[in-house]
Structure formats: structure tokens, C-alpha cells
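Visitor: Fold the stuff below for me.
(one chain, ligands or ions: 1)
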Amino acid sequence: MIRSIRKYIPKQCFHSSVFQLQQLPPHKDGLYFGKYTKEEYEDAKKIIQDQISKLETEIKGDYNIRENIDKFKPFPETGPSTGKISNLTDFFKNTIKLTGPISLSAFMRQCLTHPEFGYYTTRDPLNLKTGDFITSPEISSVFGEMLGIWYFTTWQSQNRPKQMRFIEFGPGKGTLINDILLTFNKLIRKVQGDVKIKIIMIEASNVLRKEQWKLLCEESNAFETTEEGFNRSVTKWNNDIVWMDTEKSIKKDETGQIANYIISHEFFDALPIKSFIKQDDNTWRELVVENSELVENKLGIEGSEETKDFDVDFHLTISPKETPSSMIPKLSKRYKDLPVGTRIEICPDAELYIMKMVQLLNENNGAVLVVDYGTTASVPENSLRGIYKHKFVSPFYKPGDVDLSIDVDFGNLVKLTESLSQVFGPLNQGDWLHNIGIGYRIDQLIKSTTDESKQDKIYESYKRLTDDEQMGKIYKFLALLPKGSKKPIGF
Ligand code: SAH
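Guide: Numbers count the residues shown, from 1 in each chain. This is a model prediction of the structure:
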């Protein structure tokens with residue numbers, strides 16, 4: 001439709017200089033037909049008028065788009081408030097009051113990484129005493145050792161590049177890269193001495209950057225800020241280490257000499273999503289975040305000592321019309337045949353990150369390993385959850401104080417990268433760890449001590465990482481290697 005309107009718009013409406021050259025007679029409205037006939041001009045006028053009147057009704061709305069609109073107090077709030085927002089709940093209430101419901105991805109982004117009130121930006125969520133969850137690298141250092149072996153064998157199979165970068169997305173406390181480097185450095189020293197390794201950390205949280213620096217660097221190597229605004233230091237193994245906010249700052253070395261070895265563990269599950277429902281007319285409506293006191297959503301935390309109500313101020317509502325984001329599922333073949341009524345989650349950020357990762361592969365070297373929990377054969381439908389004190393809660397409970405997490409759409413990551421790289425997996429964590437030899441390592445560790453309680457702990461952590469009922473099945477390993485690469489160990 002848009003194309004046909006453009007075709008009929010008399011050019012001279014926009015380019016009067018063209019008219020002057022052609023010396024065409026003026027139309028009675030003071031407009032010019034140009035090379036079009038009067039009839040064509042009238043047709044175009046009709047189409048435009050139709051469109052405008054349609055848009056006008058849509059904008060004004062032939063029904064009340066926001067049923068609560070007249071119930072809210074006018075913005076800005078009057079009263080003792082200084083106008084400075086002191087928490088995310090007020091921030092969202094005021095934003096929604098001003099603009100109407102907000103997209104779920106905007107809500108999640110602020111909850112997770114708002115500079116002052118975001119979940120990750122203001123705390124160490126992995127702290128053993130005060131944290132909300134625990135991850136595989138924190139359960140046992142054997143996890144990082146296995147990954148270190150994988151990177152070492154991959155590096156060997158790629159003719160041992162002499163210059164390389166380890167790039168980690170969302171490094172948490174830095175434990176995983178620490179364990180990978182310990183193993184990698186040990187193994188590499190046996191075969192080659194002169195390899196130059198740099199480290200890049202993509203980390204949104206200053207609190208966690210400091211934790212990572214404490215673990216990876218000696219105190220004598222200060223945590224500095226560069227002219228470009230990155231943080232930098234030198235590790236205890238004498239590697240340059242740089243912290244960046246986003247993947248956009250990573251520069252690729254076009255000579256192909258520097259091999260990039262990329263790792264992300266429980267990073268993709270922390271990215272904001274958009275949520276949609278398919279309608280009878282095959283359009284997709286976005287689920288947006290609304291604030292309404294009328295909705296009750298008490299979500300208790302099982303077994304928690306806190307007995308107060310878990311009321312939430314926000315909830316999802318279906319947008320009354322298609323939003324600009326509706327184009328995302330509409331334009332993708334992936335969602336075309338899903339039945340009416342299907343709910344889906346789409347993570348546009350994940351697409352940007354995975355595309356950057358795959359672009360960082362050189363023709364003959366480099367590797368990406370994505371480890372996360374998620375789906376392989378189906379599109380995530382309604383996986384968004386809050387995680388608070390090791391329990392699931394509503395994602396709208398205590399914005400900024402609760403971790404938000406989603407299932408990673410591995411099928412989509414594969415679809416996006418398979419023409420650009422050699423894809424292996426996704427494979428269940430338990431299978432991957434067993435393939436790479438975790439059993440032998442655990443056996444060795446158990447035999448290294450006679451202390452039974454230590455032996456039990458080693459065995460327990462092994463079970464936790466590999467058992468189907470625990471982390472062995474829901475967590476997946478996905479590897480991307482340069483096109484034409486042979487199957488790496490583990491897969
Ligand atoms: N990989 C670690 C930590 C997982 S928690 C582990 O497995 O233990 C998620 C990590 O991603 C945290 O370090 C968090 O600060 C970071 N993070 C979350 N969203 C981010 C974003 N948008 N950009 C950069 N880092 C982000």
C-alpha cells in the first residue's frame with residue numbers, strides 16, 4: 001500500500017525545481033500534476049485522504065485504549081516529592097502514567113541494568129550469603145576446568161594461533177574465566193611458550209567488575225579507566241584485561257591473526273525479551289507492562305520466613321492494536337505457522353549478541369561457546385520469571401531487587417548462525433561434561449583425599465552439574481566454529 005501511494009504522489013509537490021524545468025501549467029489548487037494526468041493525481045489524493053482519515057481514527061481510538069486513563073493523577077506528581085526518583089517502582093509508575101503501558105523489554109532492561117537501581121548494577125547476586133542464585137562455575141571449579149580443556153583442544157586444532165583473546169559475556173564473579181585460564185595456561189605452557197592472550201569482559205555491573213578484578217588481578221595492578229571510558233588492568237598471569245559495556249565496542253582484527261575465543265554462561269537468559277500473542281487475524285499483539293492497583297497478584301515465596309503479601313504493582317496487558325514491535329514476529333517465517341492464540345517470547349538483544357559473536361570468528365580460528373538453559377525444539381512461550389532468595393517469584397515483584405530470567409531460544413540462535421558458522425549442539429550439559437571426561441576428573445579428585453566429607457562434597461557437586469533432574473538436562477552447550485570445522489570434543 002505504501003509503495004502504491006508513493007508511486008502516485010505528484011513529484012512536484014516535493015521538487016518544485018523539476019517543475020520549473022518542465023514549465024508545466026499549474027493545477028487550480030496551486031499544485032502541479034507534473035508528468036501525471038489529472039486522473040492519476042485525483043487517485044493519489046483519494047488514497048492519501050483515505051489513509052489519513054484511517055490513521056486519525058486509529059490515533060484517536062474508536063474505543064478507550066487505556067481504560068484507566070482518567071483514574072490516574074495528573075503528571076507530574078505534586079506533593080513532597082523532590083522529583084528525584086528513588087526506586088524503580090516509582091520510576092515505572094510515573095513513566096506509565098506519562099506514556100501509557102511500556103514494553104516488557106524496556107521494563108526488564110531497567111530492572112536488570114538501570115545504573116542506580118538495576119538488579120545486576122547494584123549488587124553481587126552470586127554472593128554466598130546474600131545472593132539469589134548459584135551457577136555451575138560457583139558449584140565446582142571442575143566446571144571451568146572442563147571448559148579450559150575444550151578451549152585448549154580447539155586452539156590446538158586451529159594450528160595454535162599465537163595471538164588470542166578470551167572474550168566473556170556476563171562474567172559474574174569472574175570464577176569461570178579464572179578456572180578456564182588456570183587450566184588453559186597450564187596446558188598451553190607445555191606445548192608453546194610465546195602465546196599472547198588478552199581478555200575482554202562484557203559486563204554491565206560496576207559492582208561485579210570490581211569482584212572480577214579482585215579475583216583475576218593482583219592489587220598492585222590498579223583498576224583503571226581508559227580515555228575511551230573502558231576499565232582496564234593486568235591479570236595475575238600478565239594478560240591485558242579490558243571491561244566494556246557492550247559488544248559494540250569489541251573491534252575485530254581484520255588480518256585474521258588474532259583468534260577470538262568467546263564464552264557466555266548464563267548471560268543470554270538475563271537479556272530483555274518482548275512477548276506477543278497471535279490473534280485471529282494472524283497479527284501479533286504485544287504484551288506490555290501496565291500499572292493498575294486493581295490487579296491483585298499475591299505470589300508467596302514457598303518456605304520463606306517473610307510472611308507479608310507479595311503484591312505487585314505491575315502486570316502484563318495485551319496492547320489493543322499492533323505495535324511497531326509486532327513487525328518482528330510478523331516478518332519472521334519462524335512464527336508464521338504457529339496457531340492463533342500462541343504466546344511467544346522474542347529476545348532481540350540475543351540476536352544482536354549472537355551475530356556479533358559469530359562475526360568475531362575468523363576464517364580458520366576462533367570459537368564461541370554458549371552455555372545456558374533453554375529450549376531447542378520450541379519457541380519459549382511464557383518463561384519469564386523472577387528469582388529471589390533462591391526461589392521463583394513474579395517477575396513484577398520488587399522491580400530491581402529480583403533477578404529476571406528467561407529460557408534461551410537456542411533454536412533461534414542456531415537458525416541465525418548456521419549459514420555463517422559450523423554449529424555444534426545444543427547438547428545437554430550432563431552429556432557434554434561426560435563426553436569431555438568429567439567422570440575421570442571427579443574420580444581423581446575423590447581419590448586425592450581420604451576425608452569422607454570432602455569426598456561427599458565432590459561427588460554431590462558432580463551430581464548437581466550432571467544429573468538430568470538437576471542441571472544436567474536443562475542447561476545446554478552450543479558451539480560455533482569457523483565454517484568447515486570438524487566436530488570438537490564434547491559434542
Ligand atoms: N556467567 C556468570 C554470571 C551469570 S549472571 C556465572 O555463570 O556465574 C549474569 C551476568 O551477566 C552478570 O555478570 C551480569 O552483570 C551480566 N549482565 C547482565 N545483563 C547484562 C548486559 N545487558 N550487558 C552486560 N552484562 C550483563
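Visitor: Chain neighbours aside, what residue packs nearest to the residue nearest in space to the middle of the chain?
Guide: With distances taken as C-alpha atoms, centre = their mean, the residue of the chain nearest its centroid is residue 271 (2.8 Å). In space, and not counting its chain neighbours, residue 271 is closest to residue 349: 4.2 Å by C-beta to C-beta, 6 or more residues apart in numbering. For the C-beta atoms, the positions are set from N, CA and C on the backbone; glycine is no exception.
Visitor: got it, and residue 445?
Guide: Using C-beta to C-beta, 6+ apart, the closest residue to residue 445 is residue 458 (5.0 Å).
Visitor: who does the helix or strand hosting the one you found touch, helix- and strand-wise?
Guide: Under the criterion of DSSP states H and E, residue 458 resides in helix 452-466. Counting by 3 or more C-beta pairs under 8 Å, 6 or more residues apart in numbering; DSSP states H and E, the packing neighbours recorded for helix 452-466 are helix 136-139, helix 141-157, helix 429-436, helix 438-447.
Visitor: So what touches that helix?
Guide: 136, 139-140, 142-143, 429-430, 433-434, 438, 442, 445-446, 449, 470-472 (C-beta atoms under 8 Å, 6 or more residues apart in numbering).
Visitor: In ChimeraX, how would I select just the buried ones from those?
Guide: Listed next is the ChimeraX selection for buried residues among the contacts of helix 452-466, using 16 or more other C-beta atoms under 10 Å:
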select :136,139,140,142,143,429,430,433,434,438,442,445,446,471,472
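Visitor: which ones are touching residue 198?
Guide: Neighbours of residue 198 in contact, by C-beta under 8 Å, 6+ apart: 164-166, 239-242.
Visitor: List the buried residues in stretch 341-348.
Guide: Counting neighbours by 16+ other C-beta under 10 Å, the buried set in stretch 341-348 is 343-347.
Visitor: what distance separates it from the middle of the whole chain?
Guide: 14 Å (C-alpha atoms, centre = their mean, to the nearest Å).
Visitor: Am I right that residue 290 sits in a helix?
Guide: No - using DSSP: H, G, I helix; E, B strand; the rest coil, the assignment for residue 290 is strand, not a helix.
Visitor: Residue numbers of this protein in contact with the ligand?
Guide: The chain comes close to the ligand at residues 112-113, 120, 126, 135, 137-138, 170-172, 176, 202-205, 208, 265-267, 270, as judged by C-beta under 6 Å from any ligand atom.
Visitor: Make sure the residue nearest to residue 271 is indeed in a strand.
Guide: No - Residue 349: not assigned to a strand; according to three-state DSSP it is helix.
Visitor: measure it to residue 471 for me?
Guide: Taking C-beta to C-beta, to the nearest Å as the measure, residue 349 falls 24 Å from residue 471.
Visitor: How about residue 487?
Guide: Residue 487 is 24 Å from residue 471, by C-beta to C-beta.
Visitor: do the same with residue 390
Guide: 14 Å.
Visitor: which stretches of the stretch 1-150 of the chain have low pLDDT?
Guide: 1-37, 51-83 (pLDDT under 70).
Visitor: Please repeat the previous calculation with a cut-off of 80.
Guide: Applying pLDDT under 80 to the stretch 1-150 of the chain flags the ranges 1-84.
Visitor: quick one on the thing from earlier: tell me which of the buried residues of stretch 341-348 is nearest to residue 224?
Guide: Residue 224 has its nearest neighbour among the buried residues of stretch 341-348 in residue 347, at 33.4 Å by C-beta to C-beta.
Visitor: In space, what's closest to the closest one - neighbours in sequence excluded?
Guide: Per C-beta to C-beta, 6+ apart, closest to residue 347 is residue 273, 4.6 Å.
Visitor: okay, now the one you found: neighbour count?
Guide: Residue 273 has 22 neighbouring residues, counting by other C-beta atoms under 10 Å.
Visitor: and if you look at the one 3 residues further on?
Guide: Applying other C-beta under 10 Å, we find 27 other residues in the vicinity of residue 276.
Visitor: for residue 272, same thing?
Guide: Residue 272: 22 neighbours (other C-beta under 10 Å).
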